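>>> dropping a prediction and its sequence here:
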Amino acid sequence: MKILVAVKRVIDYNVQIRVKEDNTGVVTDNVKMSTNPPDDNAIEEAVKIKEAGKATEVVAVSIGEEKAQETVRKALAVGADRGILVKTDGIIEPLAVSKLLQKIVEKEKPDLVFMGKQAIDDDCNQTGQMLSALLNWPQATFASKIEIKDGKLEVTREIDEGLETIEINVPAIVTCDLRLNEPRYASLPNIMKAKKKPIEQLNASDLGVDITPRIEQIKVEEPPKRKAGIKVSSVAELVQKLKNEAKVI
Amino acid sequence: MSVLLIAEHNNKELKPFTLNASTAASQIDSDVHAVIIGHNCDEAAKALSELPLIKKVIQVEAAHYENFVAENFAPIIVKLAENYSHIVSSANTFGKNLMPRIAAALDTSQISDIIKVIAPDTFLRPIYAGNAFATVKSKDAKKCVTIRPTSFDSCESSGGSAPIEKADPGEEFAKTKFIKREEVKSDRPELGTARVVVSGGRGMQSGDNFKLITSLADKLNAAIGASRAAVDAGYISNDHQVGQTGKVVVPDLYIAVGISGAIQHLAGMKESKVIVAINKDGEAPIFSVADYGLEADLFEAVPQLLEELNKLNTIQK
């Protein structure tokens, strides 16, 4: 079985982002970038499946600017066998990403495609579902547990009401939740080894997909700020404030 | 052109967020139709037809719709979409799972999780866990939009009498099989719509200690929330998680107990009307959004808080 894992390079989750003064976006220059957190879970799961002898190859793919190579390299350092980078410039929407991934899937013919359930930059939560629609494959979104059972996957999904379990036939798309597993850290020897693993570079324009944005970003602003609150010195004072000042209890 | 709302329900009743999504849909265009797909869902369809904002209900019934599998739902909505300019649903796990499958089939770039309708093609949506707001304009002919339910009021739920039309079901998608759903039943208010939410974080130190949160929630008739750290640690189940990848809540009162206030948690609660933080670390980021901060050991403060609340003659429900 072959697993393709899509990874995205995003601003690191610990960075407090800043909106650009001209309101065209957020500041990304000299800002720490990392792999989108649930994409780390996706790679981890694929590597675990391979280590368990149930997959033969894990391929990591990223779509983005040249520097997204670092994100692919990181996936290689934690156990992916090889990488693919599809180079694009500027904003690329989930619909375009899923069309590019469709082309990669047609070429690579994986049995499973894993990715994070959501990217923490645009918070869209679309790509996996869109890719499964384009391929007409089953989708298991928000996965917190995956079991492989002869050609099928049993997936536990985190839903608003609790947990849902579905069974899907392979080939399939799985979008991973943060609770799926505990992503490992890359060891230094593995980081060195990853430098020798191959990364195939493609240009999005060579894949025959129209990736022109359909959504015009008119402006990006700071959200309204909360006014500063106060510190209370005791529980009694807190209750008095909630009762008489805020009038919420 | 009109708007098609995708109703969320459990085959008996409408899910409350359908009322918020109806409000959002009506702000896009007043001609709102709603589709309800399910199995033996007549009661829910009737409830839908009674929403005054809904002008027509389309009901699609089949056994394979009983468990809301997106692969079964999407083709039906794609087919209906030819008569509509917009497809709208809630941005909860139901809508998040389903809408992109529809959008891709329609070759439309979806707009997720809007918090405001600026014009029928222009919307406001949070990005970066709500640390920036983007105004976006769709250039697609058909628009697929998911709405953040807590950013729109619920619509009136009675007084309407929209006609209910039946539409033919589609085929079953055989490659996906529903097995089971484990819902956590509770008499408490739902987290997404509760007036008061009491949340615990890593500072609770154990699942057992969450009973302090439970007692406080009982006293205030509140829903129980949790930070991702508390859920990851196994103190409480995932359906309680508040944050960027969990639920977004906007209660009148949010009490954060032993929660440091990571960016991703703040994304889920910082629009609450009044925020209380109880944490022994005076530098914790949660205090930067709290209206009332109490720097104290929660294991002393929460029992005291219960005592003080017991002294009050009345507590708002």
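Sure, I can see it.

>>> just checking, what packs against the helix or strand containing B:V35?
Element membership for B:V35 (DSSP states H and E) is strand B:32-38. Counting by 3 or more Cβ pairs under 8 Å, 6 or more residues apart in numbering or on different chains; DSSP states H and E, the packing neighbours recorded for strand B:32-38 are strand B:2-6, helix B:17-28, helix B:42-49, strand B:54-61, helix B:70-80. C-betas here are computed from N, CA, C, even on glycine.

>>> okay, the angle between the last one and strand B:2-6?
Using axes from the mean of the first three to the mean of the last three Cα atoms, to 10 degrees, the inter-axis angle of helix B:70-80 relative to strand B:2-6 is 160 degrees.

>>> mind exporting helix B:70-80 as CSV, just the C-alpha atoms?
C-alpha atoms of helix B:70-80 as CSV (Å, rounded to 0.1, in the frame of the first residue of the first chain):
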residue,chain,number,x,y,z
ALA,B,70,-21.4,13.4,3.1
GLU,B,71,-20.7,11.1,0.1
ASN,B,72,-24.5,10.4,-0.1
PHE,B,73,-25.6,14.0,0.6
ALA,B,74,-23.4,15.9,-1.8
PRO,B,75,-24.7,14.6,-5.1
ILE,B,76,-28.3,15.5,-4.1
ILE,B,77,-27.4,19.1,-3.3
VAL,B,78,-25.2,19.4,-6.4
LYS,B,79,-28.2,18.5,-8.5
LEU,B,80,-30.5,20.9,-6.7
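
>>> the next helix or strand after that helix packs against which elements?
Helices and strands here follow DSSP H and E; after helix B:70-80, the next one along the chain is strand B:84-90. Packed against strand B:84-90 by the contact rule (3+ Cβ pairs under 8 Å, 6+ apart) you find strand B:2-6, helix B:17-28, helix B:93-105, strand B:143-147.

>>> about what we covered before: contacts for the strand holding B:V35, please.
The contact list for strand B:32-38 (Cβ atoms under 8 Å, 6 or more residues apart in numbering or on different chains) reads B:2-7, B:9, B:11, B:18, B:22, B:25-26, B:44-45, B:48, B:51, B:53-61, B:65-66, B:68, B:72-73, B:76-77, B:80, B:84, B:162, B:167.

>>> how many residues are close by B:V88?
28 (other Cβ atoms under 10 Å in any protein chain shown).

>>> which one is it nearest to, not counting chain neighbours?
B:A25 (4.5 Å; Cβ to Cβ, 6 or more residues apart in numbering or on different chains).

>>> could you list every residue that touches B:K270?
Contacts for B:K270 (Cβ under 8 Å, 6+ apart) come out as A:226, B:130, B:289.

>>> and which of these is nearest to A:A186?
Top of the list for closeness to A:A186, among those and by Cβ to Cβ, is B:G130 at 30.8 Å.

>>> OK, contacts around the closest one?
Residues in contact with B:G130 (Cβ under 8 Å, 6+ apart) are A:223, B:244, B:266-267, B:270-271.

>>> phi and psi next, for it.
As for B:G130, its main-chain torsions (degrees, to the nearest 10) stand at phi 80, psi 10.

>>> A:I215 versus that one, what's the distance?
Counting by Cβ to Cβ, to the nearest Å, the gap from B:G130 to A:I215 is 19 Å.

>>> looks to me like A:E147 is in a helix.
No - counting by DSSP: H, G, I helix; E, B strand; the rest coil, A:E147 falls outside a helix, being strand.

>>> how about A:K227, phi and psi?
Per-residue torsions, A:K227: phi -70, psi 150 (degrees, to the nearest 10).

>>> do B:N279 as well
Residue torsions, per degrees, to the nearest 10, at B:N279 are phi -160, psi 140.

>>> shaky segments in chain A?
Applying pLDDT under 70 to chain A picks out no residues at all.

>>> what do you get if the cut-off is 80, keeping everything else the same?
A:228 (pLDDT under 80).

>>> please enumerate the helices of it.
Secondary structure of chain A by DSSP state H: the helices cover A:37-51, A:69-77, A:94-108, A:127-135, A:188-194, A:235-240.

>>> reformat these as JSON lines; add mean neighbour count and distance to A:L4.
What follows is the helices of chain A, written out as JSON lines (neighbours: other Cβ atoms under 10 Å in any protein chain shown; distance: least, Cβ to Cβ, whole Å):
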{"stretch": "helix A:37-51", "mean neighbour count": "24", "distance to A:L4": "8"}
{"stretch": "helix A:69-77", "mean neighbour count": "23", "distance to A:L4": "11"}
{"stretch": "helix A:94-108", "mean neighbour count": "21", "distance to A:L4": "6"}
{"stretch": "helix A:127-135", "mean neighbour count": "27", "distance to A:L4": "10"}
{"stretch": "helix A:188-194", "mean neighbour count": "13", "distance to A:L4": "18"}
{"stretch": "helix A:235-240", "mean neighbour count": "18", "distance to A:L4": "53"}
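
>>> list the contacts for B:G225?
Neighbouring residues of B:G225 by Cβ under 8 Å, 6+ apart: B:191, B:197-200, B:240-242, B:247, B:249, B:254, B:269.

>>> B:Q27 and B:N20, how far apart?
Taken as Cβ to Cβ, the span from B:Q27 to B:N20 is 11 Å.

>>> no wait, A:E45
34 Å.

>>> what's the burial count for B:K317?
With other Cβ under 10 Å as criterion, B:K317 counts 9.

>>> B:N221 is in contact with that one, correct?
Yes - using Cβ atoms under 8 Å, B:K317 is in contact with B:N221, at 4.8 Å.

>>> shared neighbours of the two, which are they?
Joint contacts of B:K317 and B:N221 (Cβ under 8 Å, 6+ apart) are B:R195.

>>> ok, the residue nearest to B:V88 touching B:L5?
Yes - proximity of B:A25 to B:L5 meets the contact threshold set by Cβ under 8 Å, at 4.6 Å.

>>> now list whatever residues contact both of the two.
B:32, B:88.

>>> residues touching the most centrally placed residue in chain A, list them.
With distances taken as Cα atoms, centre = their mean, A:G116 lies nearest the centre of chain A, 3.4 Å away. Residues in contact with A:G116 (Cβ under 8 Å, 6+ apart) are A:7-8, A:36-42, A:175-176.

>>> tell me where the model's unsure across chain B.
Ranges of chain B meeting pLDDT under 80: B:1, B:313, B:316-317.

>>> show me how it divides into domains.
Domain segmentation of chain B under automatic domain parsing yields B:2-167, B:196-311.

>>> could you find the closest non-adjacent residue to B:D31?
Of all residues not flanking B:D31 in the chain, B:S2 sits nearest, at 3.7 Å (Cβ to Cβ, 6+ apart).

>>> you'd agree A:G208 is up against A:Q102?
No - using Cβ under 8 Å, A:G208 is not in contact with A:Q102; the gap is 10.9 Å.

>>> that older thread, let me know the angle separating the strand holding B:V35 from helix B:42-49.
170 degrees.

>>> strand B:54-61 and strand B:32-38, what's the angle between them?
20 degrees.

>>> ok, strand B:32-38: who's next to it in the sheet?
Using DSSP bridges, strand B:32-38 pairs in its sheet with strand B:2-6 (parallel), strand B:54-61 (parallel).

>>> tell me the angle it makes with helix B:93-105.
110 degrees.

>>> show me where chain A has its strands.
For chain A, applying DSSP state E gives strands covering A:2-7, A:9-11, A:33-35, A:57-64, A:82-87, A:112-116, A:139-149, A:152-159, A:162-169, A:172-176, A:199-203, A:215-221, A:230-232.

>>> just to revisit the earlier point, the residue nearest to the centre of chain A bridge partners, please.
A:C176.

>>> buried set for stretch B:113-121?
Within stretch B:113-121, the residues that qualify as buried are B:113-117, B:120-121, counting by 16 or more other Cβ atoms under 10 Å in any protein chain shown.

>>> of those, which pair is most distant in space?
Greatest spatial distance among those (Cβ to Cβ): B:D113 and B:P120, at 17.7 Å.

>>> appreciated, that's everything.
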